[in-house]
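Novice: Could you work out the structure for the sequence below:
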Amino acid sequence: MPKRFEPHPGMPSQRQLRVGEQVRHALADILARGEIHDPVIEGHVITVPEVRMTPDLKLATALVMPLGGKDEAAVVEALNRLARAFRGALARRLRDMRSMPDIRFRLDDRFDAASHIDALLNDPRVKRDLIKPQTGE
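Specialist: Numbering: from 1, shown residues only. Below you'll find the model as predicted:
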């Protein structure tokens with residue numbers, strides 16, 4: 001019998017990735033069309049770069065970023081306050097799913113983390129340590 005591919009522990013399964021992408025696409029469309037009415041989110045263009053699903057597909061964590069990076073905390077708070085409305089809108093779009101996951105919204109801070117690492121690598125003290133010493137051969 002052929003051996004099934006087992007992902008590394010902590011790595012999402014193909015099913016988690018597929019469902020996460022379906023939810024991400026639907027959330028982005030709901031936000032783009034302005035289907036959920038709230039003064040905080042209506043005043044911002046919000047991107048959804050990734051949705052992470054739990055292994056049981058009962059919880060979706062949507063990483064979001066308001067373009068321009070302003071009012072981030074207020075936007076995330078408003079999205080989480082409206083999570084039930086987003087879940088209902090998703091249920092109308094994703095009819096082939098057995099059950100609709102609960103949704104929570106988190107700020108996507110991966111760009112900030114990457115910028116911080118880049119700044120560290122460009123620090124003169126770190127660059128000095130990364131330079132290979134010249135050998136006198």
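Novice: hmm, who's touching whichever helix in the chain runs longest?
Specialist: Secondary structure of the chain per DSSP state H: the longest helix is helix 14-33. Applying Cβ atoms under 8 Å, 6 or more residues apart in numbering, the contact partners of helix 14-33 are 12, 36, 41, 46-55, 57, 60, 62, 86, 89-90, 93-94, 97, 101, 103. Quick note: C-beta positions are derived from backbone N, CA and C, even for glycine.
Novice: from the residues you listed, which would you call buried?
Specialist: Buried members of the contacts of helix 14-33, scored by 16 or more other Cβ atoms under 10 Å, are 36, 41, 46, 48, 51-53, 57, 60, 62, 86, 89-90, 93, 101, 103.
Novice: Okay, and which of these map to helices?
Specialist: 41, 86, 89-90, 93.
Novice: Distance-wise, check residue 56 relative to residue 27.
Specialist: Counting by Cβ to Cβ, to the nearest Å, the gap from residue 56 to residue 27 is 19 Å.
Novice: higher neighbour count, these two?
Specialist: A count of neighbours by other Cβ atoms under 10 Å puts residue 27 above the other of residue 56 and residue 27, at 24 against 9.
Novice: end-to-end on stretch 33-53?
Specialist: One end of stretch 33-53 to the other measures 24 Å (Cα to Cα, to the nearest Å).
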